[in-house]
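1. Structure for this input, please:
(one chain, ligands or ions: 2)
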Amino acid sequence: MRVTASAIRVQDLRKRYPAFRKPVDALAGVNFDVARGDVFGFLGPNGAGKTTTLRILATVLAPTGGGAEVDGHDVVRDPMAVRSVVGYMPERSGAYPLLTGLQNLLYWGRLQDVDGGGLRERARALLAELGLEEAADRKAKTYSHGMGKRLLMAQALIHDPPILLLDEPAGGLDPQGIRFFRDLVRKLQGEGKTVFLSSHILSEVEQTCTTVGIIHRGRMVVVERMDALRQRIGEGAVARIEVECDLPSPAVMQAILGVPKVRAVTPAPDGIVVEAEAGAEVADEVTRVLVENRVRIRAVRPAQPTLEDAFMSLLGGGTA
Ligand SMILES: Nc1ncnc2c1ncn2[C@@H]1O[C@H](COP(=O)(O)OP(=O)(O)OP(=O)(O)O)[C@@H](O)[C@H]1O
Ligand SMILES: [Mg+2]
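-> Numbers count the residues shown, from 1 in each chain. Ligands and ions are numbered 1, 2, ... in the order given. Below you'll find the predicted structure:
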């Protein structure tokens with residue numbers, strides 16, 4: 001077996017979907033690498049090209065230009081080798097509705113050449129791990145959304161692949177379901193697996209991923225280590241403070257807006273939010289204006305810039 005540094009390597013990847021009037025360039029030359037053992041969060045707004053990328057990596061869709069390698073295997077020339085090393089969890093259902101959960105897993109296991117004797121045992125163990133033990137013998141069409149997601153995850157894991165491609169594993173789940181998948185991804189990372197997951201949930205990516213890639217309109221806007229991105233956000237984002245206080249009168253709001261470097265003052269449910277230029281320290285001055293105007297203050301705290309801020313600023317100007 002060839003040993004390559006990257007688990008996934010994507011070079012100038014392109015996908016043009018034919019369409020009735022105008023073809024859609026879903027991927028317009030995408031480049032990125034995923035290191036082994038990494039948890040790579042693939043973020044992007046609706047229609048950015050995430051599912052298209054994942055489907056190409058899982059070899060269910062052919063690219064129209066450029067290329068990709070998974071574990072050193074080319075997705076076009078050697079799809080069977082790619083399939084043996086990846087577990088793919090599609091965004092929408094990929095389970096057979098009339099088969100039970102267990103039957104679905106056995107079917108996928110056989111497709112993946114999991115040895116007959118061990119397969120049933122492994123399927124049962126996976127169903128238990130994913131909280132589907134009691135639903136194992138029910139038809140998949142009777143599963144709730146969250147149960148369906150867990151069954152798709154079990155299918156992705158049935159052959160114990162070293163690389164996981166998860167298309168919005170936590171999409172549409174309740175907080176408990178989101179936490180379940182977060183813990184599962186951490187466990188997989190602990191086992192040394194490489195995880196490539198797409199998401200809209202910024203906090204999910206922030207908490208579980210070691211690297212983040214942001215795609216927008218078929219192009220990668222940024223690929224960066226999570227810690228480096230966080231640091232960069234801290235430097236570049238607006239400084240924001242939250243003041244818990246009685247709601248100031250319009251005249252006082254105006255006075256706060258007059259504080260040097262303050263850009264915006266907005267009412268919040270229990271006070272105001274003040275935004276200032278990046279790196280500006282305006283808390284003392286804002287507090288002074290409020291005190292002078294006899295506005296009762298309960299708390300003043302700086303708000304940490306979030307990944308969401310960075311996401312919005314990176315996409316700023318580019319969105320339709
Ligand atoms: N089969 C198809 N035929 C034509 N256009 C398609 C097809 N599949 C996707 N597209 C288009 O390609 C673009 C990228 O779609 P894709 O599903 O990859 O986005 P996504 O990032 O996964 O979005 P979402 O967050 O909504 O899941 C979109 O403009 C979409 O309309
Ligand atoms: Mg998608």
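2. ok, Asp78 - how many residues close by?
-> Residues lying near Asp78 (other CB atoms under 10 Å) number 15. In short, each C-beta sits where N, CA and C put it, glycine included.
3. now Gln112
-> That count, for Gln112 with other CB under 10 Å as the rule, works out to 16.
4. count of residues packed around the closest residue in space to Val60 that isn't next to it in sequence?
-> Excluding its sequence neighbours, the residue lying closest to Val60 (CB to CB, 6 or more residues apart in numbering) is Tyr88, at 7.5 Å. By the criterion of other CB under 10 Å, Tyr88 has 23 neighbours.
5. And the one 3 residues further on, by the same measure?
-> Burial of Glu91, expressed as a neighbour count using other CB under 10 Å, amounts to 17.
6. Is it in a helix, a strand, or coil?
-> Here Glu91 is coil, with the state taken from DSSP: H, G, I helix; E, B strand; the rest coil.
7. Who are the contact partners of the closest residue to it other than its chain neighbours?
-> Distances taken as CB to CB, 6+ apart put Asp167 closest to Glu91, at 4.0 Å, once the chain neighbours are dropped. For Asp167, the contact set (CB atoms under 8 Å, 6 or more residues apart in numbering) comprises 50-51, 54, 88-91, 197-198.
8. Might one say that the residue nearest to Val60 is in contact with Leu165?
-> Yes. Counting by CB atoms under 8 Å, Tyr88 touches Leu165, with 4.7 Å between them.
9. shared neighbours, those two?
-> 54, 57-58, 156.
10. The stretch 151-300 of the chain: helices as residue ranges?
-> Under the criterion DSSP state H, counting those that start in this stretch, the stretch 151-300 of the chain contains helices at 175-190, 202-208, 226-236, 250-257, 283-292.
11. Adding mean neighbour count and distance to Arg16, write those helices out as TSV.
-> Output for the helices of the stretch 151-300 of the chain, formatted as TSV (neighbours: other CB atoms under 10 Å; distance: least, CB to CB, whole Å):
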stretch	mean neighbour count	distance to Arg16
helix 175-190	16	32
helix 202-208	19	28
helix 226-236	15	30
helix 250-257	14	49
helix 283-292	15	51
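12. about what we covered before: now the residue nearest to Glu91: how far from ligand 2?
-> 6 Å (CB to the ion, to the nearest Å).
13. Just the pLDDT at that residue, thanks.
-> Predicted confidence (pLDDT) for Asp167: 97.
14. and the chain, which residues reach ligand 1?
-> Counting by CB under 6 Å from any ligand atom, the chain comes close to ligand 1 at 17, 19, 24, 26, 44, 46-52, 91.
15. Just the buried subset of the residues you listed, please.
-> By neighbour count, with 16 or more other CB atoms under 10 Å, the residues of the chain next to ligand 1 hold 26, 44, 48-52, 91 as buried.
16. re the thing from before, ok, what's across the strand from the residue nearest to Glu91?
-> Counting by DSSP bridges, Asp167 is bridged to Ser198.
17. Now do the phi/psi pair for the residue in the chain positioned nearest to ligand 2.
-> Ligand 2 sits closest to Thr51 of the chain, with a gap of 3.2 Å, by CB to the ion. Dihedral angles of Thr51 (phi, psi; degrees, to the nearest 10) stand at phi -60, psi -40.
18. Give me every residue in the stretch 51-200 of the chain lying close to ligand 2.
-> Neighbours of ligand 2 within the stretch 51-200 of the chain, by CB under 5 Å from the ion: 51, 91.
19. the strands in the stretch 51-200 of the chain, which residues?
-> 65-70, 73-74, 86-89, 163-167, 194-199 (DSSP state E, counting those that start in this stretch).
20. circling back to that earlier point, okay if I get the contacts of Asp167 as CSV plus pLDDT?
-> As requested, those are exported to CSV (pLDDT from 0 to 100):
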residue, pLDDT
Lys50, 96
Thr51, 97
Leu54, 98
Tyr88, 97
Met89, 97
Pro90, 96
Glu91, 93
Leu197, 97
Ser198, 96
